[in-house]
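1. Next one to model:
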Amino acid sequence: MDALRDDKTKMIGVWGMGGVGKTTLVKQVVEQAKQEKLFATQVYVQVSWTREAENFQQGICDIQKQIGGMLGLEFKNEAQSIKAARLMQRLKKEKILIVLDDIWKELNLEEVGIPCCKDDDQKDCKILLASRDKDLLLQDMCAQECFPVQHLPPEEAWQLFKMTAGDSVENDHELLPTAREVVEECQGLPVAIVTTAKALKGKNMAVWKNALEELRSSAPTNIRGVEEKVYACLELSYNHLKGTELKSLFLLCGMLSYGDIWMDDLLSYAMGLDLFDRIKSLEEARNKLIALLTTLKTSSLLLEGDYRCYFGGREPTLLFVDDDNKYVRMHDVVRDVARYIASKDPHRFVVREDDWSKTDESKYISLYCKAMHELPQRLVCPKLQFLLLRSNLNIKIPNTFFDGMNQLKVLDLSRMDFETLPSTLQFLANLGTLCLDQCYKLIDITGIGELKKLQVLSMVSSYILQLPKEMGQLTNLRLLNLNDCMELKVIPQNILSKLSGLECLFMRSSFSKWEVAEVSNGESNNACLSELNHLEHLRTIEIDIPDVEMAPEKDTFFQNLTSCAICIGVFDDFEKYFERSKILRLNGVIGSLLLRNGMRKLLQKIEELELSNLYGAKGLFSPPVPVSFHNLKCLSISYYEGTVNGVLFGEQVSFPNLEKLKLKGLSMLKTIWHPQLSLKSLDKSLQNLKEVIVDDCEVLERVFGHGEPNGENRIFPKMEILKLRELPKLKHLFNTQDNNDMRYFLSKFKDFHHMKELHIINCGMPLDDKVSFSSNLEVLVLERFPKLSEIDFENPQQLRILSLKKLPNLRGIVRYKDGNASKICRLSPSMSEIFHSLKCLQIIDCKMEDRRYVHTPTNGLVLSNEK
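-> Numbers count the residues shown, from 1 in each chain. The predicted structure follows:
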């Protein structure tokens with residue numbers, strides 16, 4: 001921590017063997033630095049990919065994207081050097097700590113855009129590196145100080161073991177001596193201590209004694225950077241996993257590349273390998289996978305992934321939208337041990353670079369071709385079940401390459417360069433999973449119809465032009481992923497309808513040439529969406545339908561969906577990443593579409609609904625009978641003129657689980673909720689509301705309902721964000737008896753305990769000359785209030801962003817403490833003393849004191865004072 005506080009020290013290294021606790025240490029250091037406010041921002045980046053040279057270019061791009069995202073920089077289709085220049089300029093603006101964890105090889109930081117100047121005048125950016133290699137840190141990365149991370153001393157090791165295994169080990173006098181000896185065998189290494197403790201927790205004495213003997217008699221290994229006792233402890237944990245499913249999944253995770261492991265990949269591989277017993281559907285397989293991965297995490301053999309750091313720009317599908325179920329990660333030491341275990345019989349897992357030797361008995365091969373330009377004519381592996389090939393080169397796959405691989409179940413050729421499938425691939429009669437993602441030269445998949453046992457086919461971002469007619473023979477196919485196949489123009493009719501076993505269909509940003517209606521004559525006609533009605537097992541779909549005319553009149557497949565992302569109409573900003581599993585977006589469609597039977601049933605399941613430019617849909621949310629959208633969490637309505645007498649939501653409609661409401665451009669809207677609805681009844685129907693955004697509704701007069709809150713009934717208790725923009729006719733928030741409705745709202749502001757953001761921009765409601773805000777607020781934006789002269793804060797410790805514009809009479813800001821005004825400040829250094837968390841301050845066209853140059857005690861404050 002002293003080195004972090006020292007402005008002269010720019011580059012700091014932490015080194016130690018695998019599993020000794022480097023990552024835990026640097027994360028704790030980051031947290032301590034945050035508490036002490038040593039830096040304006042802390043950025044933590046996992047760089048395990050530096051272990052593999054071919055990942056460097058993609059890795060640099062990923063780092064730039066991640067650091068830029070944390071600092072508010074958005075990179076589009078810019079060259080790497082341009083992104084580096086922008087990033088470096090941004091990093092020099094404020095004091096930032098950058099942590100690069102698990103670095104294996106020298107990384108040119110300036111190529112990334114990280115300033116590493118050692119001159120005394122460069123005091124802003126500080127870099128903390130963690131590695132197994134001390135020489136790498138000192139010699140290659142030029143760390144000025146390097147700190148070793150040692151093994152835990154005996155008593156600390158025992159405390160960690162006891163905390164993990166439970167205090168009962170110390171209270172059991174018969175077990176205690178054996179437990180102490182087990183801890184000694186872990187030799188003070190946290191990864192060994194934790195995994196061993198979890199493996200033995202709750203076991204009887206015989207199991208403990210047997211574990212001790214296994215640890216003592218473990219055979220020496222030659223795993224680079226892994227001590228023998230660590231291997232023994234991890235192997236013990238592996239041996240205590242219950243069932244072949246769990247062990248097989250653990251070894252499969254260890255076989256995959258460094259960094260985060262995509263959950264969709266794991267599911268595809270597990271399905272193809274028939275890893276799970278007695279699975280009847282893809283949904284069951286997904287649930288089984290999540291359950292097994294949870295067990296591995298509980299055993300400390302797997303870690304939570306970080307979806308912000310994923311490689312290659314891949315996003316999770318709808319199958320894995322939950323925050324905890326996108327990616328998983330394996331500690332590099334655990335991965336090395338897993339690969340060592342897997343390499344031994346009977347598993348025969350092989351992970352190699354440019355080496356085909358000794359693979360004839362292998363069952364699982366993961367090969368990274370770095371220097372090879374051509375594969376052998378034939379791979380003699382009669383027992384091979386799993387083959388993953390990766391190459392950055394234009395490598396050729398001979399037509400005879402797959403001869404003799406009769407047992408192959410999973411084949412992943414993603415990111416390989418070839419235009420057509422090798423002819424022998426069609427003879428892989430047992431193939432269950434075929435992955436051809438990001439094969440940018442692949443345009444022809446003729447012969448794929450012969451793979452009768454295929455369950456998973458993924459061609460994400462491939463340049464395939466059309467699906468062959470023979471694909472209709474794949475009746476066992478359960479998952480078809482065609483996301484981002486933007487060159488796909490032809491899907492012959494009746495192919496999709498023949499995929500009778502299909503459960504998941506992903507076609508986001510893909511094929512869009514759907515026929516409007518089925519055509520019986522001619523062979524050049526494309527598929528119709530009505531074909532999906534024949535897929536009785538279809539439960540998950542991601543699809544773009546550019547024209548409402550393409551939507552089938554009979555839409556029975558809608559009502560069977562359990563998860564979906566359906567976009568009907570043209571959306572320029574359709575996000576590829578989903579936070580919810582049931583999404584419907586409609587733009588420029590006729591309202592009668594929503595009245596179709598399948599669509600009506602789908603609406604009752606939808607969690608996120610976006611409606612834009614609807615026509616012929618008057619009174620859509622003013623039904624004559626009670627209607628409750630129980631599952632709806634996010635509702636966005638824009639450019640809709642179908643209000644009834646200026647009212648959007650009638651008395652009979654309710655949204656008990658709605659969390660976010662966004663309204664924009666509703667030119668006829670006068671009041672959002674029916675005037676007869678009391679505030680009490682409205683609050684009951686919107687008890688989970690967290691965010692309200694109302695923008696550009698030129699005749700809107702009232703936001704919420706009639707009445708006012710009282711001491712017994714706090715309104716909208718979960719409200720966090722309220723944004724009101726461009727509402728020139730707005731008169732009331734609650735329509736209270738107080739003539740100044742805004743004053744009433746602000747007087748009750750303390751009742752909004754969770755309110756974090758408040759934006760009021762160019763709204764018709766007047767403000768008094770003085771307004772007060774509570775201490776919970778993090779963002780405050782006020783614009784165009786001519787009478788406002790003073791803003792009061794009780795305790796603005798949490799405020800991060802303060803934007804004040806066009807307040808011509810504003811004189812100052814007051815902090816109230818114990819009912820008294822303790823400090824009055826204008827645009828001066830005193831603002832930094834009062835607003836400890838402030839990151840951005842904008843004061844534009846206000847009467848506050850004009851100072852061209854403002855110096856503050858912290859470097860983390862961005863000041864904008866414009867006239």
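
2. Gln797 contacts His836, correct?
-> Yes: using C-beta atoms under 8 Å, Gln797 is in contact with His836, at 5.8 Å. The way it works is simple: take the backbone N, C-alpha and C, and place the C-beta from them, glycine included.

3. who touches Ser458 in this structure?
-> Counting by C-beta atoms under 8 Å, 6 or more residues apart in numbering, Ser458 touches 268, 434-437, 479-481.

4. How about Phe578, nearest residue that isn't a chain neighbour?
-> Closest residue in space to Phe578, ignoring its immediate chain neighbours: Val321 at 5.1 Å, by C-beta to C-beta, 6 or more residues apart in numbering.

5. how much space between that neighbour and Glu181?
-> Noted for Val321: a distance of 46 Å to Glu181, by C-beta to C-beta, to the nearest Å.

6. higher neighbour count, these two?
-> With neighbours defined as other C-beta atoms under 10 Å, Val321 and Glu181 compare such that Val321 has more, 20 against 14.

7. what does the model give the more buried one for pLDDT?
-> Val321 is assigned a predicted lDDT (pLDDT) of 81.

8. what about the strands in the stretch 501-650 of the chain?
-> Taking DSSP state E, counting those that start in this stretch, the strands of the stretch 501-650 of the chain run over residues 504-507, 540-545, 563-568, 582-587, 608-612, 627-628, 634-638, 647-649.

9. quick one, which of those is nearest to His732?
-> Closest to His732 of the strands of the stretch 501-650 of the chain is strand 647-649 (C-beta to C-beta; 14.3 Å).

10. Show me the contact partners of the closest one.
-> Applying C-beta under 8 Å, 6+ apart, the contact partners of strand 647-649 are 621-622, 637, 663, 666, 669-675.

11. for it, what is the average pLDDT?
-> Strand 647-649 comes out at a mean pLDDT of 89.

12. Ok, stretch 450-464 next?
-> What stretch 450-464 shows for mean pLDDT is 94.

13. for stretch 230-240, same thing?
-> Per-residue scores along stretch 230-240 average to 82.

14. same check, this time on stretch 135-146
-> Rounded to a whole number, the mean pLDDT of stretch 135-146 is 86.

15. next one: stretch 660-667
-> According to the model, stretch 660-667 has a mean pLDDT of 94.

16. in that stretch, what's buried?
-> Of the residues in stretch 660-667, 660-666 count as buried by neighbour count, 16 or more other C-beta atoms under 10 Å.

17. Restricted to strands, list those residues.
-> Within the buried residues of stretch 660-667, residues falling in strands by DSSP state E are 660-664.

18. Mind picking the two most distant members of the residues you listed?
-> Lys660 and Lys664, at 13.1 Å, using C-beta to C-beta across these.

19. Now do the shared contacts for the two.
-> Contact criterion C-beta under 8 Å, 6+ apart; residues shared by Lys660 and Lys664: 636, 693.

20. Write down the beta-bridge partners of the closest residue to Met141 other than its chain neighbours, one by one.
-> Among residues not flanking Met141 along the chain, Leu129 sits closest, at 5.8 Å (C-beta to C-beta, 6+ apart). Under DSSP bridges, the beta-bridge partners of Leu129 are Gly13, Leu100.

21. mind checking how far Leu129 is from Cys142?
-> Counting by C-beta to C-beta - Leu129 and Cys142 are separated by 10 Å.

22. Between the two, which is the more surrounded one?
-> Higher neighbour count among Leu129 and Cys142: Leu129, with 25 against 14, using other C-beta under 10 Å.

23. Let me know the pLDDT of the more buried one.
-> 90.

24. In contact with it, which residues?
-> Contacts for Leu129 (C-beta under 8 Å, 6+ apart) come out as 11-14, 99-100, 103, 137, 141, 143.

25. Check the separation of the first and last residues in stretch 451-466.
-> This stretch, stretch 451-466, spans 18 Å end to end (C-alpha to C-alpha, to the nearest Å).

26. How about that stretch, which residues are buried there?
-> 451, 454-464, 466.

27. Check stretch 618-637 too.
-> Residues 620-622, 629, 631-637 are the ones in stretch 618-637 that count as buried (16+ other C-beta under 10 Å).

28. again with stretch 839-846
-> For stretch 839-846, the neighbour count (16+ other C-beta under 10 Å) marks 839, 841-843, 846 as buried.

29. pLDDT averaged over it - what is it?
-> 84.

30. can you give me the offset of it from its chain's centre?
-> Relative to its chain's centre, stretch 839-846 lies at 32 Å (C-alpha atoms, centre = their mean, to the nearest Å).

31. picking that back up, so which of the contacts of strand 647-649 sits lowest on pLDDT?
-> Pro675 (76).

32. Where does it sit, in terms of helix or strand?
-> Under DSSP states H and E, no helix or strand contains Pro675.

33. which helix is the longest one in this structure?
-> Ordering each helix of the chain by length in residues (DSSP state H) puts helix 282-298 first.

34. Please identify the buried residues of that one?
-> 282-283, 285-286, 288-290, 292-293, 295-296.

35. try stretch 375-391
-> Of the residues in stretch 375-391, those buried (16+ other C-beta under 10 Å) are 375, 379, 381, 384-391.

36. And those residues, which two are furthest apart?
-> Gln385 and Ser391 (21.2 Å).

37. and the buried residues of stretch 839-846, which of them are in helices?
-> Per DSSP H, the buried residues of stretch 839-846 never map to helices.

38. Redo the residues you listed as CSV? Include distance to Gly812.
-> Formatted as CSV, those follow (distance: C-beta to C-beta, whole Å):
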residue, distance to Gly812
Lys839, 21
Leu841, 14
Gln842, 16
Ile843, 11
Cys846, 10
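
39. for those residues, which one is nearest Thr420?
-> Among the buried residues of stretch 839-846, Lys839 lies closest to Thr420 (C-beta to C-beta), at 53.9 Å.

40. So what's the residue count around the residue nearest to that closest one when sequence neighbours are not counted?
-> Nearest residue to Lys839, sequence neighbours excluded (C-beta to C-beta, 6+ apart): Arg800, at 4.9 Å. Close neighbours of Arg800, defined as other C-beta under 10 Å, add up to 16.

41. Let me see the contact set for Arg800.
-> Listed by C-beta under 8 Å, 6+ apart, the contact partners of Arg800 are 778-779, 837-840.

42. now it: how far from Trp673?
-> Relative to Trp673, Arg800 is positioned 31 Å away (C-beta to C-beta).

43. can you check Leu252 too?
-> Leu252 is 53 Å from Trp673, by C-beta to C-beta.

44. Also Lys582?
-> From Lys582 to Trp673 the distance is 25 Å (C-beta to C-beta).

45. I figured Ile467 hits Asn494, correct?
-> That one is not Ile; residue 467 is Leu. No: Leu467 is not in contact with Asn494 according to C-beta under 8 Å; the separation is 11.5 Å.

46. These two: who's more crowded?
-> Set side by side, Leu467 and Asn494 show more neighbours around Leu467, with 23 against 15, by other C-beta under 10 Å.

47. what's the burial count for the residue nearest to the more buried one when sequence neighbours are not counted?
-> Leaving aside its chain neighbours, Leu467 sits nearest to Ile491 (5.0 Å; criterion: C-beta to C-beta, 6+ apart). A count of nearby residues for Ile491, using other C-beta under 10 Å, gives 23.
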